[in-house]
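A.B. asks: Structure for this input, please:
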Amino acid sequence: MVTSLIRRTFQALIVLFAMTAIVFVGVNVIGNPVDILINPDANAAEKARVIAHFGLDKPLWEQYLRFLGGIVQGDFGTSFVYNKPALGLILERMPATLELAFTALFIALAVGLPLGLYAGLYPNRVSSKVIMSGSILGFSLPTFWVGLMLVLVFSVELGWLPSNGRGDTVELFGVRWSFLTGDGLRHLLLPAFNLALFKTSLVLRLTRAGVQEVLPQEYVKFARAKGLTERRVIFVHVLKNLMIPVITIVGLEFGSLIAFSVVTESIFAWPGMGKLIIDSINLLDRPVIVAYLMMMVVLFVVLNFVIEICYTLLDPRVRLNARD
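C.D. replies: So this is what the prediction gives:
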């Protein structure tokens, strides 16, 4: 087990190093931030001063080495636009994005798991077929269109929920959270539901497929033959085993909730990392873009690592293979 964890850690470090080069080169070959940051009427001397100030006059390889040195020290550079540490800007916006992502994940699991379990246990019922037909909408409808419709219906026409912003927040453990206030929850509902729609359909269909695969297994038939109650068979033998693929997908999808919340945050003016990265791309704020992308890389690497650990807890076969 320890050997496996060490090997996984080493592989993760290699992936991180490779991604630093890909991200840095990819970002630096797109556009020239000087054209946006400097007044077009500025003279050559002023442009040269700004270019030297941001270190853009150095060769790309030298910029990359300085970038790597900064990462080791936890420094991703200073934002061209805000003149603040890029990592600090992202960490300021991270709680809002995490709050939105966790709420969306909670909605997806709270709705998708029971509906998928029901549809898998009773596949021939009309209600199950209606559920599965409805799940297709979650895959088919574009996120931006659903977001606009939610704003139009619940904010403009009915006036039940606010259409933008984060609302009132309360500080907890030094971080501002909106889900702890009534006004914050009202602001959170629409963007969280919009972000959760696709994931809910995914969890629902994964759960249904898992139930259909697990039910015919011998250990389920044996559990029923022993006279166990149907509730115990479902929640101990069926649900536990189908959670292995569900955890894998949900773990990776949580990373995508954070990484690709850009559309939802833009529609609802949610002040998270997605909104920041859109603004940074428009202004070619390279340090913020690179820092954001590297944060996403670290997030997915950590999620994969956590999923590996969850495997060992849920599936004894993984532990046995690790010992071998």
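A.B. asks: packing partners for the one helix or strand L115 maps to?
C.D. replies: Taking DSSP states H and E as the criterion, L115 maps to helix 86-121. In terms of contacts (3 or more Cβ pairs under 8 Å, 6 or more residues apart in numbering; DSSP states H and E), helix 86-121 is packed against helix 126-140, strand 175-177, helix 182-214, helix 239-259, helix 262-267, helix 273-282, helix 286-314. In this view, the C-beta of every residue, glycine as well, is placed from N, C-alpha and C.
A.B. asks: And the next helix or strand past the first one?
C.D. replies: For helix 126-140, the following helix or strand on the C-terminal side (DSSP H and E) is helix 143-150.
A.B. asks: outside of that following helix, which residues touch it?
C.D. replies: Helix 143-150 has contacts (Cβ atoms under 8 Å, 6 or more residues apart in numbering) with L190, P191, F193, N194, L195, L197, F198, V263, T264, I267, F268.
A.B. asks: pLDDT check: weakest of those?
C.D. replies: Least confident of the contacts of helix 143-150 in the model: V263, at 83.
A.B. asks: and the gap between that residue and R186?
C.D. replies: Counting by Cβ to Cβ, to the nearest Å, the gap from V263 to R186 is 21 Å.
A.B. asks: now swap in L204 and tell me
C.D. replies: For L204, the distance to R186 - Cβ to Cβ - is 26 Å.
A.B. asks: Mind checking which of these two has more residues around it?
C.D. replies: Between L204 and R186, counted using other Cβ atoms under 10 Å, the more crowded position is L204 (26 against 15).
A.B. asks: so that one touches G112, yeah?
C.D. replies: Yes. The criterion here is Cβ atoms under 8 Å, and L204 meets it with G112 at 4.1 Å.
A.B. asks: Give the intersection of the neighbour lists for these two.
C.D. replies: The contact sets of L204 and G112 do not overlap (Cβ under 8 Å, 6+ apart).
A.B. asks: Quick one: neighbours of D183, just the number.
C.D. replies: 14.
A.B. asks: Hmm, it is touching G167, no?
C.D. replies: Yes. Between D183 and G167 there is a contact under Cβ under 8 Å: 4.2 Å.
A.B. asks: State the three-state secondary structure for the nearest residue to L161 once chain neighbours are set aside.
C.D. replies: With Cβ to Cβ, 6 or more residues apart in numbering as the criterion, L161 has its nearest non-adjacent residue at 4.7 Å, and that residue is F154. Recorded secondary structure, F154: helix (DSSP: H, G, I helix; E, B strand; the rest coil).
A.B. asks: State the distance from F154 to A96.
C.D. replies: The spacing between F154 and A96, counted by Cβ to Cβ, is 20 Å.
A.B. asks: Which one's more surrounded, these two?
C.D. replies: For F154 versus A96, the count of surrounding residues by other Cβ under 10 Å is larger for A96: 25 against 17.
A.B. asks: for L299, what are its contacts?
C.D. replies: L299 is in contact with G255, I258, A259, counting by Cβ under 8 Å, 6+ apart.
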